[in-house]
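Asks: With the input below, show me the fold.
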Amino acid sequence: MPARHTRLAPRSTHGELAAALAALREEFEVPAEFPAAARAEAAASAPEPAPLADLREIPFATLDPLGAKDLDQAFHLEARGSGWRVRYAIADLPAFVRPGAALDAEARRRGQTLYLPDGSVPLHPRELSEGRASLLPGEERPAFVWTIDLDAAGAEVAARVERARVRSRARLDYAAAQRAIDAGAAAGPLALLPELGALRIAQERSRGGASLNLPEEEIVRDGSGYRIERRFPLPVEEWNAQLSLLAGMAAGGIMLAGGIGILRTMPEPDAAALAEFRARVSALGRPWPAGLGYGDYLRGLAPGTPATAAVLQAAAALFRGADYAAFDETGGEPRLARPADPRQAAIAAPYAHVTAPLRRLVDRWGLVVCAALCAGREVPEWARESLPEVPGLMRASNQRAGRISSAALDRVEAALVRDRVGEAFDAVVIEVRGDRARVQLAEPAVTAFCPADGLAAGTPARVRVTSADVPSGAIGLALLGRSPAGGSAAGRSAAGRAAAPEGETSSR
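Replies: The predicted model follows:
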C-alpha cells in the first residue's frame with residue numbers, strides 16, 4: 001500500500017517547530033557530538049587481524065530504505081535440492097571497537113541510533129556506521145555470516161555463524177525491489193525472496209507467531225518542511241524481515257544450547273488481558289472465534305476500516321513487557337540463570353537481536369557469543385564479564401528513544417493543525433480511556449484526545465480543534481458528535497501509534 005501523506009506543516013510554524021525539536025534534544029540529553037577520544041579511535045580503527053573465511057564470491061545484496069548508508073545486513077538465497085540455503089551477512093562492528101576503550105564506552109552510553117525529525121543521532125561515528133563497517137556495494141568487508149539451511153517447507157534444518165570476508169554486489173531499496181518483483185524483472189537473490197518469504201510466513205503461522213505489520217508512522221523533513229507519512233510496509237519488507245527473524249531465532253537456539261547469551265524476551269499475555277481483548281473486539285463487531293489462533297485472527301481482518309484500526313490498537317496492548325535477559329550457565333556455577341520462559345511471545349520462539357550492530361548496542365554481544373559457540377571457542381572474556389550490564393543499558397536506551405520519538409511526533413502534529421484552530425474534522429476513535437477518547441483526524445492524520453461522552457473504539461466522530469501548542473505538542477479537541485461519514489481514511493492509519501508486538505517487521 002502506498003504511503004499516505006499529511007499536508008506539510010505551514011511555513012508559519014517552521015521556525016517554532018525547529019526550535020521545539022531542538023529543545024527536545026536538550027531535554028532528553030541527546031549527545032550532539034562524539035567525544036574526541038571516541039572520534040580518534042573511530043578514525044584510526046581497522047578490522048582486527050583474525051583468520052576469516054573467504055566468502056567474497058557469494059553475490060550478497062543489501063535491501064534497505066532508499067538512501068540508507070548504515071547497511072547492517074546483506075542476503076543471499078539459493079535453492080538446494082528440495083530445500084533452501086540462506087546466507088545472511090551482518091556487519092562486523094565488533095572488529096572495529098576495542099572493548100573498554102572510549103568508543104565502546106560512548107556506544108554503551110547511547111545504546112542505539114536515534115532517528116529524529118531533524119536528523120539521526122548515530123550509535124557509532126558515521127565514518128564507521130556509514131563507511132568502513134557498512135556493507136556498501138563493491139567493498140570488501142568483515143562480516144558475521146549466518147548460513148541457515150531450510151527444508152522444502154522453509155523450516156530450519158541447521159544454522160551456524162562465522163566471521164568472514166564478504167563483498168556485497170548490489171544496494172537495493174524497498175520500493176524499487178518491489179517494482180522489480182511485481183514486473184517479473186527481479187534477478188539474483190531478490191528473485192527468490194518472495195517464495196522463501198512466503199514459506200517463512202507460513203512457518204510463523206504454524207508456530208503461533210504474529211507479525212502485525214502495522215502502519216509505520218514517520219516524520220519526514222525535506223526542503224518544503226515537515227510532514228508525517230503513514231504507510232503499510234510493502235510485501236518485500238515483510239519478506240526481508242523474515243530473514244532477520246530467521247537469524248534471530250537461530251541465534252536464540254544457539255545461545256540456549258551453549259548456555260550463554262542474551263535473549264529478547266516477551267511474556268505471553270495473561271488470562272485477564274486476553275479476556276479484555278476478546279470483549280473489546282466483540283464490542284467492535286469483530287469477535288475472535290474460539291479455536292482460531294491470535295495471528296490468524298489478526299491476519300484475517302479487513303484492512304482500511306476504522307474497526308480494524310481499533311482492533312490493532314487493542315492487539316498491540318496485549319503484548320507488553322518486552323525485555324532483554326542475559327544468562328551464563330557455563331563454567332560450573334551459573335553466573336546468570338536463564339529466564340524461566342526464554343521465548344518472545346509475539347514471535348513464539350526464543351529469539352535474540354543479532355542483525356543490526358551498527359545501530360543497536362546489544363547485537364554486538366549476541367554476534368560475538370554465537371560466533372564463539374559455533375566455532376567451539378570460549379566466549380571472549382570482555383563479552384562474558386559485561387553481559388550482565390547490557391539489559392539495563394538497552395532498557396534505558398529504549399525508554400529514551402520511545403519518549404523522544406513520541407514527543408517529536410506530538411510537536412509535528414501540533415504544527416500541522418496550529419493554523420487550523422477552530423476548524424471541524426472527521427475522526428475515528430482509536431480507544432477510550434475513562435472519560436477521554438483518543439481519536440485520529442481523517443486529514444491531517446493527527447492523533448489527540450477529546451471527551452469520550454459515550455464514544456466507543458472504532459466509531460466515527462466529529463471534533464473541533466480548540467488549541468495547538470507547538471512547543472509542548474499539546475492539542476485540544478472538542479467533541480461535536482458522531483460523524484455519519486465514517487472517516488475510512490483515518491481508519492487506514494489509525495493504528496499508526498500502536499506499539500506492534502515485536503515481530504521485527506522492519507530492520508530500521
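Asks: I'd say residue 192 and residue 78 touch.
Replies: Yes - in this structure residue 192 lies within contact range of residue 78 using Cβ atoms under 8 Å: 7.4 Å. C-beta: built from backbone N, CA, C; applies to glycine.
Asks: chain center to stretch 112-128: distance?
Replies: 15 Å (Cα atoms, centre = their mean, to the nearest Å).
Asks: And for stretch 384-394?
Replies: The chain centre lies 21 Å from the centre of stretch 384-394; the measure is Cα atoms, centre = their mean.
Asks: now stretch 200-213
Replies: Relative to its chain's centre, stretch 200-213 lies at 16 Å (Cα atoms, centre = their mean).
Asks: and if you look at stretch 447-461?
Replies: The chain centroid and the centroid of stretch 447-461 are separated by 29 Å under Cα atoms, centre = their mean.
Asks: Residue 244: neighbouring residues, count only.
Replies: Neighbour count for residue 244, taken as other Cβ atoms under 10 Å: 23.
Asks: So which of residue 192 and residue 78 has more stuff around it?
Replies: Under the criterion of other Cβ under 10 Å, the comparison of residue 192 against residue 78 puts residue 192 first, with 18 against 13.
Asks: Which pLDDT does the model give the more buried one?
Replies: We have a pLDDT of 97 for residue 192.
Asks: can you check residue 287 too?
Replies: Among the per-residue scores, residue 287 shows a pLDDT of 89.
Asks: Might one say that it is in contact with residue 281?
Replies: Yes - Residue 287 lies in contact with residue 281 (Cβ under 8 Å); the separation is 6.2 Å.
Asks: out of these two, which sits in the more crowded spot?
Replies: The neighbour comparison of residue 287 against residue 281 (other Cβ under 10 Å) goes to residue 281, with 22 against 13.
Asks: Contact partners for the more buried one?
Replies: 287-288, 311, 314 (Cβ atoms under 8 Å, 6 or more residues apart in numbering).
Asks: now those residues as CSV including secondary structure?
Replies: Conversion of the contacts of residue 281 to CSV gives the following (DSSP: H, G, I helix; E, B strand; the rest coil):
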residue, secondary structure
287, coil
288, coil
311, helix
314, helix
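Asks: From those, list the buried ones, please.
Replies: Those of those that meet the buried threshold are 288, 311, 314, by 16 or more other Cβ atoms under 10 Å.
Asks: Any idea which helix or strand in this protein has the lowest mean pLDDT?
Replies: Across the helices and strands of the chain, mean pLDDT, DSSP states H and E gives its lowest value to helix 488-493, namely a mean of 37.
Asks: so what sits against both of residue 192 and residue 78?
Replies: Common neighbours of residue 192 and residue 78 (Cβ under 8 Å, 6+ apart) are residue 84.
Asks: show me where the stretch 201-350 of the chain has strands.
Replies: Secondary structure of the stretch 201-350 of the chain by DSSP state E, counting those that start in this stretch: the strands cover 216-222, 225-231, 260-265, 323-328, 343-344, 349-350.
Asks: Deepest-packed of these, please.
Replies: Highest mean neighbour count of the strands of the stretch 201-350 of the chain: strand 260-265, a mean of 27 (counted as mean count of other Cβ atoms under 10 Å).
Asks: That one pairs with which strands, parallel or anti?
Replies: When pairs are called by DSSP bridges, strand 260-265 turns out to pair with strand 323-328 (antiparallel).
Asks: OK, contacts around residue 323?
Replies: By Cβ under 8 Å, 6+ apart, the contact set of residue 323 is 264-266, 391, 395.
Asks: Could you measure from it over to residue 40?
Replies: According to Cβ to Cβ, to the nearest Å, residue 323 and residue 40 sit 35 Å apart.
Asks: Also residue 115?
Replies: From residue 115 to residue 40 the distance is 26 Å (Cβ to Cβ).
Asks: Cool, thanks, talk later.
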